[in-house]
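Participant: The sequence isn't on hand, but the structure is:
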């Protein structure tokens, strides 16, 4: 019973649409009707600037951390239920029941989830993100690469090795984040994805 409860709580925590709520409060608009249509920090920045980005990012990271740590506490650190909470927290952000299952791409919430699972490996993944963005100047490519790298870093570079459910939960969470970047992946493959410092074409949805 505790495991099911912790999973439900993790989804509900993940589904809190902080970015949507802040833009609705400050600007009176639906952030999903602007930019990329996401409720994440990057799209919030288009409406609220850097302050909105930072606030949304911190809150989304925080809900991922709390969801996993709370599940671990409620289930006596059962790896299967902890991994389930990690996965559904990301799902909650990407598919929030409150917004008709139209949410964000799960990056910030995924960072929070991954911090709760293995903070050192998250640091390494963030280094990978920074290097990719510095070289190719594409945030989406950095996010996809870092998300893909985290489960491998967790499996090979954590001592003692994590339980298999934790690795599978991390891999599933990373797969969700990558899948939510499907439109970015198409643009990356076609060479039309925007780069930092360059203006997007009119009508482009990043």
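Facilitator: Perfect, thanks for sending it. The model shown is predicted, which means the values in this text are computed figures rather than measured ones. Residues are numbered from 1 along each chain as shown.

Participant: Which residues are in contact with the closest residue to residue 180 other than its chain neighbours?
Facilitator: Distances taken as CB to CB, 6 or more residues apart in numbering put residue 105 closest to residue 180, at 4.2 Å, once the chain neighbours are dropped. Where you see a C-beta, it was placed from the backbone N, CA and C, and this is true even at glycine. Contact analysis of residue 105 by CB atoms under 8 Å, 6 or more residues apart in numbering lists 38, 40, 94, 143, 177, 180, 181.

Participant: Which secondary structure state is assigned to residue 105?
Facilitator: Three-state call for residue 105 (DSSP: H, G, I helix; E, B strand; the rest coil): coil.

Participant: how close does it get to residue 167?
Facilitator: Separation of residue 105 from residue 167 (CB to CB, to the nearest Å): 22 Å.

Participant: just residue 1 next, same as before
Facilitator: 26 Å.

Participant: ditto for residue 54
Facilitator: Taken as CB to CB, the span from residue 54 to residue 167 is 31 Å.

Participant: ditto for residue 6
Facilitator: Counting by CB to CB, the gap from residue 6 to residue 167 is 19 Å.

Participant: which of those two has more neighbours?
Facilitator: Neighbour comparison, residue 6 and residue 167: the larger count goes to residue 6, with 24 against 20 (by other CB atoms under 10 Å).
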